[in-house]
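Engineer: predicted coordinates and the sequence they were generated for:
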Amino acid sequence: NAGVTQTPKFRVLKTGQSMTLLCAQDMNHEYMYWYRQDPGMGLRLIHYSVGEGTTAKGEVPDGYNVSRLKKQNFLLGLESAAPSQTSVYFCASSRGRERDEQFFGPGTRLTVL
Amino acid sequence: GIQVEQSPPDLILQEGANSTLRCNFSDSVNNLQWFHQNPWGQLINLFYIPSGTKQNGRLSATTVATERYSLLYISSSQTTDSGVYFCAVERSRDDKIIFGKGTRLHILP
């Protein structure tokens, strides 16, 4: 099992550009999450999904959109990147209804100039 | 919103020492997790512990949900224990997951 994988690992964008971050998991997990981590801070939840075709807002959803068209994939989109979105983005998944323990991907480091 | 406070913010110990990390939270929670982020940024789940006590090798954790705190114990520290330890809670009333700011642990050889 690869666990949770994220693509790409690094990216540099210019203000106003768009991009999509891909998260994939091969553990048949129901729940998937997108977080951002900024220096000196814990992780903040952007959006999450409790199953295929569903998404919900987390703590800091503004400026991001997500889609969960397939159970194993969770996409995070930035339509018009801003410097404030420079961060490390982590995807996670968990097994079931009780939200069980979360397994994290390796992270994507995004810089917006 | 819910406050999740971790203490101490930083801790420097000699290899072999024991430590206790604390997580206080201000609202009712469905569950609580402890994570370790190593110096390379990788996040590893240590414990899923909404209540009670669990042990895994040199690590153990206790959550007292009624008193709104959790403790992570690390015994006989090793240099590989260095990194940041995060506590994360799932708030009961809306299922939102909130992380604390972490405790940065340095284990000196």
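Structural biologist: Okay, I see it. All values derive from a computational prediction rather than experimental measurement.

Engineer: and stretch A:54-62, what's buried?
Structural biologist: A:Thr55, A:Gly58, A:Glu59, A:Pro61 (16 or more other C-beta atoms under 10 Å in any protein chain shown). Placement of C-beta: from N, CA and C, glycine included.

Engineer: that should have said stretch A:24-35, apologies.
Structural biologist: A:Ala24, A:Gln25, A:His29, A:Glu30, A:Tyr31, A:Met32, A:Tyr33, A:Trp34, A:Tyr35.

Engineer: quick one: mean pLDDT over it.
Structural biologist: In this model, stretch A:24-35 has a mean pLDDT of 95.

Engineer: residue 38: what's its closest spatial neighbour, skipping adjacent residues?
Structural biologist: Going with chain A. A:Ser87 (5.4 Å; C-beta to C-beta, 6 or more residues apart in numbering or on different chains).

Engineer: nope, chain B
Structural biologist: B:Gly83 (4.5 Å).

Engineer: point out the residues in chain B that sit beside chain A.
Structural biologist: Residues of chain B lying close to chain A (C-beta under 8 Å from any C-beta of the partner chain) are B:4, B:30-31, B:33, B:35, B:41-45, B:48, B:86, B:88, B:90, B:95-102.

Engineer: what are the ranges of the helices in chain B?
Structural biologist: Using DSSP state H, chain B contains no helices.

Engineer: burial count for whichever residue of chain A sits closest to chain B?
Structural biologist: The minimum distance from chain A to chain B, using C-beta to the nearest C-beta, falls at A:Gly42 (3.3 Å). Around A:Gly42 there are 20 other residues, counting by other C-beta atoms under 10 Å in any protein chain shown.

Engineer: do the same with B:Pro109
Structural biologist: Counted with other C-beta under 10 Å, B:Pro109 comes out at 6.

Engineer: what sits against it?
Structural biologist: B:Glu15, B:Thr79 (C-beta atoms under 8 Å, 6 or more residues apart in numbering or on different chains).

Engineer: and the gap between it and chain A?
Structural biologist: In this view, B:Pro109 and chain A are 25 Å apart by C-beta to the nearest C-beta, to the nearest Å.

Engineer: with B:Leu11 instead?
Structural biologist: 16 Å.

Engineer: how about that residue, what does it touch?
Structural biologist: B:Ser19, B:Leu21, B:Thr103, B:Arg104, B:Leu105, B:His106.

Engineer: could you identify the most distant pair in the residues you listed?
Structural biologist: For those, the farthest-apart pair by C-beta to C-beta is B:Leu21 and B:His106; their separation is 13.1 Å.

Engineer: thought B:Ala65 was touching B:Asn31?
Structural biologist: No - using C-beta atoms under 8 Å, B:Ala65 is not in contact with B:Asn31, being 9.3 Å away.

Engineer: now what about the lowest-mean-pLDDT helix or strand in chain B, what contacts it?
Structural biologist: The helix or strand of chain B with the lowest confidence, counting by mean pLDDT, DSSP states H and E, is strand B:97-99 at a mean of 88. Applying C-beta under 8 Å, 6+ apart, the contact partners of strand B:97-99 are A:33, A:35, A:42-45, A:48, A:58-59, A:99, B:1-2, B:4, B:25, B:86-91.

Engineer: again, only using 7 Å
Structural biologist: A:Gly42, A:Leu43, A:Arg44, A:Leu45, A:Glu59, B:Ile2, B:Val4, B:Phe86, B:Ala88, B:Val89, B:Glu90, B:Arg91 (C-beta atoms under 7 Å, 6 or more residues apart in numbering or on different chains).
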